[in-house]
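Novice: Below are the sequence and a predicted model for it; my questions follow.
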There are 2 protein chains.
Amino acid sequence: MSVTQARTMPGVLELLPLDQVAFQGMLDAIRRNFERFGFVPIETPVMEFASILLTKEGGETERQVYFVQSTGAIEQGEKPELALRFDLTVPLARYVAEHEHDLTFPFRRYQIQRVYRGERAQRGRFREFYQCDIDVIGKDQLSVRYDAELPAVIHSVFRDLGIGAFTIQINNRKLMRGYLRALGIEDAAQQALVLREVDKLDKRGAKYVRETLTGATFALAPDVADRLLAFVETRSTSLADAIAKLDALGGANAELDQGRVELKEVLTLVAAFGVPESHFALNLSIARGLDYYTGTVYETTLNDHPEIGSICSGGRYENLASHYTKSKLPGVGISIGATRLYWQLREAGLFAGGRSTVQALVAQMDEAELPRYLALANELREAGINTEVVMEHGKLARQFKYADRAGIRFVLVLGPDEIAKGVIAVKDLREATQHEIPRADLVERLRAALH
Amino acid sequence: MSVTQARTMPGVLELLPLDQVAFQGMLDAIRRNFERFGFVPIETPVMEFASILLTKEGGETERQVYFVQSTGAIEQGEKPELALRFDLTVPLARYVAEHEHDLTFPFRRYQIQRVYRGERAQRGRFREFYQCDIDVIGKDQLSVRYDAELPAVIHSVFRDLGIGAFTIQINNRKLMRGYLRALGIEDAAQQALVLREVDKLDKRGAKYVRETLTGATFALAPDVADRLLAFVETRSTSLADAIAKLDALGGANAELDQGRVELKEVLTLVAAFGVPESHFALNLSIARGLDYYTGTVYETTLNDHPEIGSICSGGRYENLASHYTKSKLPGVGISIGATRLYWQLREAGLFAGGRSTVQALVAQMDEAELPRYLALANELREAGINTEVVMEHGKLARQFKYADRAGIRFVLVLGPDEIAKGVIAVKDLREATQHEIPRADLVERLRAALH
């Protein structure tokens, strides 16, 4: 029979089992923290009606959409009616609008699913990737206090992941817009363009941005550009410093003032949520590309790996689902792009990996003793220890080699000698030790070592 | 702005949060048991190259495939190159062939992902549904002993799910084919057709099957049809009974003999794995529709709900990935169709539901005490209790109503009186009780109640 070459499509991250275990551990930690903070799960179908997914102005987004058709629909020459979700925000909006009367508000949902974008394939860009989102959605209104809860969740997640020091950068779009207006940049579209340039500060540097802003397109006066750059370069070193820096901005207009009031309340509450002052900061350059956000905005960066960029971003929006319902649904949310994050952490050597979910392997010394091995494995499993039994007879050395390659930590050997002495020979492949453990103590000893 | 009606495509099961919690609990229990038995996770992309997915004879399967195309590809009038997976077996075959040299064999993988079929929409039929699969794949060979491990996993999963008494039905295709040959039905294609009729026994009854087999198409002699029906009606009541019934079949030919030897070893080992004899049985009618299986085959039925049909099926196959590699990869696997199972269990009233992942709600009695509430919530979260804090001020009665609708069990009230007395007023909405608990005892009392 001829053989078809087995290969995945480009632009996906398919993992070997031990890497999948590490990645799954990351998703589990994220989920655990989302649940700890009282968010509830939803899942939506991978496909939505294209008419629903693409209600927003198409443009670039539309070009990146994957359309879906059944064989029958293609044969009948129909236009594709379905498409794969490209984020979790549009499906959330559709979900909340569809189930509005069955939900309790504030609706606090988490959602951990894959999304799809027909991007040009390149290193570190994925066409299929996990997003891990939480949002709090209010009906008619939602207190700005919720904006302080999300940094607490972010802190809890990344503390658990143990990937080094990080800082949650916080800003407010109202403050930004108010400040731009005070500088004489009144037009909303013009403000958006200026913010887009300011967003390039980290990548292109102050000189480049200053030249662009004073150049032909924007034609800002040099002192205006300087004040704007000084504004966006504002960073706080503590909560008190953040409050002082906000107060020093002066009272230019109502929008700036409202942004400042919100920021002060949010930053103060973030501390009350128990987030250490070392882990969050005011950063007046954070704009977020999307016009979507209207108040608080967040980014999160690894202190020792700024090149990775933001690992968790989000913000406050006025109205989630105006395309699908007349109800006003303000909300605040964050998103972790888990596939890219995992890939980047692995590239940066920040992920250990190499550990299996299988914790113990019962070796097969003597075929006739298989029932004894199975009983031992049962006992371990009942005690919560993930256990595999070698079912096929073979050399012990090969069984050890298998455990080593498979990332299994403990190999349990039970031959005639051990049976006679009432012990188990336990080899710890991670610590490279071997001990004889009395049969009766085995479960407790392994549990202690594993937890 | 005009409003687009928010709706999901037909044929998907989108759940409200509390149902999602129940469903997620089911998936978690399945995963936990898969890991307990030493299976390791993999995930594959939702899309595969159509040329890989559709290597098998197309027919009905091909008609049910969803094809995927990016906007660019559609504009260029290309034929769809990608398609959504319709099961987890073909992606597993592709995965093992692609990563063969990086895997350890026997390769024991679990995979819990959604699959897609463009079925005609009807009640209880889904176009998107979860499959939860485990397979053990050998290189060149795989001991029949592994066939005994999978019923042990099935037993462990469904015991944990607590959905009532169930029976794992076990048969062997070699035994069946050998018996058919002994009856003079030698041709493999003819055997497959006869097996397909026999598979209708549960649905259509013995009389219908007997008439078909002795009718024009098959033209079996009446006594041959009777012997065949007696054979497939064989059920065991215990391990000893199963062995006796197998021995009573006589030694007609080598294939029947090999099937019998395998079945006896598998059944004996299933008992050694600790599966109670009440939970598995020899059932010589189990054929499984697919020609795919070559040895042991399984189905699992709920004793009190035969109408639900098999809730977990699978079997042994000769070669997993002959389309993609020249290596011989025999395996044995099972699959749980979790979406359909959940839906059926819910329809049959076997699923409680109504419990949130959120375990405690800290009410907001006094706005000024918010930092105290946040500190309390932090303490609970650190102790592993999923806790939400009411951030928006409002009437206490409304906060209780919210907790009740949201399925949250405990509401914690901390007003001036409680603060003065050093207690928390704890309302248990499930037990409909209210207690004052000393602040210092709170964590332990809640933990005890929740576990």
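Specialist: Looks like it came in fine.
Novice: Any regions of the stretch 201-350 of chain A where pLDDT drops low?
Specialist: Scanning the stretch 201-350 of chain A for pLDDT under 70 picks out A:289-290.
Novice: residues in it within reach of chain B, list them.
Specialist: Applying CB under 8 Å from any CB of the partner chain, we find that the stretch 201-350 of chain A lies next to chain B at A:269, A:272-274, A:321-326. In short, each C-beta sits where N, CA and C put it, glycine included.
Novice: which of these are buried?
Specialist: A:269, A:272-274, A:321-325 (16 or more other CB atoms under 10 Å in any protein chain shown).
Novice: Going along the chain, name the helices of the stretch 251-400 of chain A.
Specialist: According to DSSP state H, counting those that start in this stretch, the stretch 251-400 of chain A carries its helices in the segments A:254-272, A:338-347, A:370-382, A:396-406.
Novice: do the same with the stretch 1-150 of chain A
Specialist: Under the criterion DSSP H, counting those that start in this stretch, helices of the stretch 1-150 of chain A are mapped to A:17-36, A:50-53, A:59-63, A:71-75, A:89-99, A:146-161.
Novice: Show the contacting residues for the single nearest residue of the stretch 351-451 of chain A relative to chain B.
Specialist: Using CB to the nearest CB, the closest approach of the stretch 351-451 of chain A to chain B is made by A:Glu388 at 2.8 Å. Residues in contact with A:Glu388 (CB atoms under 8 Å, 6 or more residues apart in numbering or on different chains) are A:358, A:360-362, A:377, A:408, B:37-38, B:108.
Novice: Specify the beta-bridge partners of it.
Specialist: In this structure, A:Glu388 bridges to A:Leu361 when assessed by DSSP bridges.
Novice: I'd like the residues of the stretch 201-350 of chain A next to chain B written out as CSV, with distance to B:Lys200 added.
Specialist: What follows is those, written out as CSV (distance: CB to CB, whole Å):
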residue, distance to B:Lys200
A:Leu269, 66
A:Ala272, 67
A:Phe273, 62
A:Gly274, 63
A:Ala321, 49
A:Ser322, 54
A:His323, 49
A:Tyr324, 46
A:Thr325, 49
A:Lys326, 53
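Novice: still on that earlier bit, from B:Leu370, how far off is the residue of the stretch 351-451 of chain A closest to chain B?
Specialist: 50 Å (CB to CB, to the nearest Å).
Novice: show me what contacts the residue nearest in space to the middle of chain A?
Specialist: The centroid of chain A falls nearest to A:Ile336 when counting by CA atoms, centre = their mean (2.2 Å). Listed by CB under 8 Å, 6+ apart, the contact partners of A:Ile336 are A:30, A:131-133, A:157, A:311-312.
Novice: circling back to that earlier point, out of the helices of the stretch 1-150 of chain A, which is closest to B:Ala352?
Specialist: helix A:17-36 (18.8 Å; CB to CB).
Novice: Show residues contacting that closest one.
Specialist: With CB under 8 Å, 6+ apart as the contact definition, helix A:17-36 has outside contacts at A:15, A:41, A:110, A:112, A:130, A:132, A:134, A:153, A:156-157, A:160-161, A:336, A:338, A:341-342, A:346, A:351-357, A:406-407, B:40-43, B:103, B:109, B:357-358, B:381, B:384, B:386-387.
Novice: ditto for stretch A:119-126
Specialist: Contacts of stretch A:119-126 (CB under 8 Å, 6+ apart): A:10-13, A:64, A:117, A:127, A:339-340, A:343-344, A:347.
Novice: Pull out the buried members of the residues you listed.
Specialist: A:11-13, A:64, A:117, A:127, A:339-340, A:343-344.
Novice: now, among the residues you listed, which is nearest to chain B?
Specialist: Among the buried ones among the contacts of stretch A:119-126, and counting by CB to the nearest CB, the member closest to chain B is A:Val12, at 4.3 Å.
Novice: what pLDDT does the closest one get?
Specialist: For A:Val12, the model assigns a pLDDT of 96.
Novice: Among the helices of the stretch 1-150 of chain A, which one carries the weakest average confidence?
Specialist: Looking at the helices of the stretch 1-150 of chain A, the bottom one is helix A:59-63 with a mean of 59.
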